[in-house]
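Engineer: generate a structure from the sequence data that follows.
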Amino acid sequence: MAVGDMLFTADNLARVAADDLPMLASYDAHGILLGKGETGAQLASRVRQLAGRIAELRQELSRDGQVDFGFTHFAAGDEIPAAAFAAARARTEELYGFSIDWVPGFYTHYRMGLLHAGCAFYSYEDYFALFVLRRSFQTRERWLIYSRSELMAHELCHIAHLGLNSRSYEEVFAYQTATSFFRRWVGGVLRTPRETYLLLGTVLALLGAQVLNLTLRPPERWHSFPMPLLFGLAGAVIAGIVAQYLVALRRLRRAQRALGLVGAAATARAILFRCTDEEIAALAALPPRPAAVAAWLAERQAGELRWRVTLHRFPMAPAPTA
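Structural biologist: Below is the predicted model of the structure:
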C-alpha cells in the first residue's frame, strides 16, 4: 500500500474535517500544511481531491503501464522510487519539520533543455504535485551543476507552502536547502515574478541600446544620451531589488530572534516556515521581550486552527531568565 493510501483514508480525512489536532499535526508532518484561515473541513476537501488525483494516476499506471498528461506521457518504469526522495525528505525534516512522501514523479528527457534538470508541477487548488526530473538522475545524484537531492528538497518546500500564498519569503525558505552558502544567501533575491520580469526587461533594454550603438551610432558616441540614463535605470532596478531583499532578510532574522526568546532556534525556523508574510512582519516588529512574543503567539493560537496545529507540533517555552 502506498504512503498516500495510508495517509488519505476516509477515517483520517474525517478526523481532519473534525479539526482533530493529532491528525492535523500528522498531516502537517507529511507536508500538508493548513493555509491562512483554513478550517479542517476545507483542508479535508482539498486533500480528497488530491487523493483522487493520485489514485487516478496509480490506476492508469497499473492498467496501461503509463500515464498520459496531455503534453506527454510517463512510463511506469520511469517512476522515481521512494528511496530517491530520502535525502531531500531528510533535509526538509531537518530545516522545517516536514517530510513529504506522497508526491509521485518520473524521469524523462521530454523537452528538457540543455541546462534544465527538472521541476515540480503543482496545483494551488488541491495540492496535487508531480516531480519531473532529467533521466540522467536515474543513475546518479549529480548532473552538471545540479544535485538531485537539493533540487527535490527545494521543490518540496514549494509544495508544502502551497496553502500559505507566500511571496516575500517563498524562495528564501526554499533556497535554505542548498548545500552552497552562496546559493543559500543570494538564491532568494528574485522573490516574485514581477522582480524577475523587471530585471529581465532592464537587461533587454541595455542589450537593445548596445545593438543600436554598434549599428547606428558613431563609436565615439557610445557613452552619450540615452546610455547614461539606461545604465542608471539598470543600476537603480538592481539596487532596488537587492535592497528589498536585504530588508526582507533583516525582517526574517528579527522574527526568528523574537521566536528564539521563547523557544529553540530550530523550532523558530519551523514555525516561521508556517507563517504568512504578514505574520513574519508582525513578529519582527514585536518588542524584544519574551512576554510580548508569548502573548502574540497565544493570541494567534486562540484565533486560528493553523496556529493551534503549529504550536502543538512545535511548542514554545520561555527561555530561562537570569
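
Engineer: show me where the chain has strands.
Structural biologist: Taking DSSP state E as the test, the strands found in the chain are 66-68, 73-75, 105-108, 118-122, 129-134, 142-143, 146-147.

Engineer: kindly reformat these as a markdown table containing distance to Thr215.
Structural biologist: Bear in mind the C-beta positions are built from the backbone N, C-alpha and C, glycine included. Formatted as a markdown table, the strands of the chain follow (distance: least, Cβ to Cβ, whole Å):
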| stretch | distance to Thr215 |
| --- | --- |
| strand 66-68 | 49 |
| strand 73-75 | 47 |
| strand 105-108 | 42 |
| strand 118-122 | 38 |
| strand 129-134 | 39 |
| strand 142-143 | 40 |
| strand 146-147 | 38 |
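
Engineer: let's have those in CSV, adding mean neighbour count and mean pLDDT.
Structural biologist: Output for the strands of the chain, formatted as CSV (neighbours: other Cβ atoms under 10 Å; pLDDT from 0 to 100):
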stretch, mean neighbour count, mean pLDDT
strand 66-68, 15, 86
strand 73-75, 17, 86
strand 105-108, 22, 88
strand 118-122, 18, 83
strand 129-134, 23, 88
strand 142-143, 15, 82
strand 146-147, 19, 86
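
Engineer: Arg194: which of the ones you listed is closest?
Structural biologist: strand 118-122 (20.5 Å; Cβ to Cβ).

Engineer: what's the distance between Glu56 and Arg63?
Structural biologist: From Glu56 over to Arg63 the distance is 10 Å, taken as Cβ to Cβ, to the nearest Å.

Engineer: repeat for Ala88
Structural biologist: Distance from Ala88 to Arg63, by Cβ to Cβ: 29 Å.

Engineer: in terms of neighbours, single out the busier of the two.
Structural biologist: Legend: neighbour count by other Cβ atoms under 10 Å for Ala88 and Arg63, higher for Ala88 (24 against 9).

Engineer: contact partners for the more buried one?
Structural biologist: For Ala88, the contact set (Cβ atoms under 8 Å, 6 or more residues apart in numbering) comprises 148-150, 152-153, 156, 177.

Engineer: just the buried subset of those residues, please.
Structural biologist: Buried subset of the contacts of Ala88 (neighbour count, 16 or more other Cβ atoms under 10 Å): 148-150, 152-153, 156, 177.

Engineer: okay, and which of those map to helices?
Structural biologist: Counted as lying in helices by DSSP state H, out of the buried ones among the contacts of Ala88, are 148-150, 152-153, 156.

Engineer: the residue nearest the centre of the chain and Glu141: what is the separation?
Structural biologist: For the chain, the residue nearest the mean C-alpha position is His158 (2.4 Å; Cα atoms, centre = their mean). Separation of His158 from Glu141 (Cβ to Cβ) stands at 21 Å.

Engineer: pLDDT wise, what is the residue lying closest to Ala270 once chain neighbours are set aside at?
Structural biologist: Nearest residue to Ala270 in three dimensions, chain neighbours excluded: Gly97, at 4.0 Å (Cβ to Cβ, 6 or more residues apart in numbering). Gly97 is assigned 95 on the pLDDT scale.

Engineer: likewise Gly52?
Structural biologist: 92.

Engineer: state the number of residues packed around it.
Structural biologist: 13.

Engineer: again with Phe69
Structural biologist: 13.

Engineer: how about the nearest residue to it, chain neighbours excluded?
Structural biologist: In space, and not counting its chain neighbours, Phe69 is closest to Leu130: 7.9 Å by Cβ to Cβ, 6+ apart.

Engineer: and that neighbour, what is it in contact with?
Structural biologist: So Leu130 contacts 69, 103-106, 120-122 (Cβ under 8 Å, 6+ apart).

Engineer: doesn't Tyr124 make contact with the residue nearest to the centre of the chain?
Structural biologist: No. Assessed by Cβ atoms under 8 Å, His158 is found out of contact with Tyr124, at 10.9 Å.

Engineer: can you list the buried residues in stretch 279-295?
Structural biologist: 279-281, 283-284, 286, 290, 293-294.
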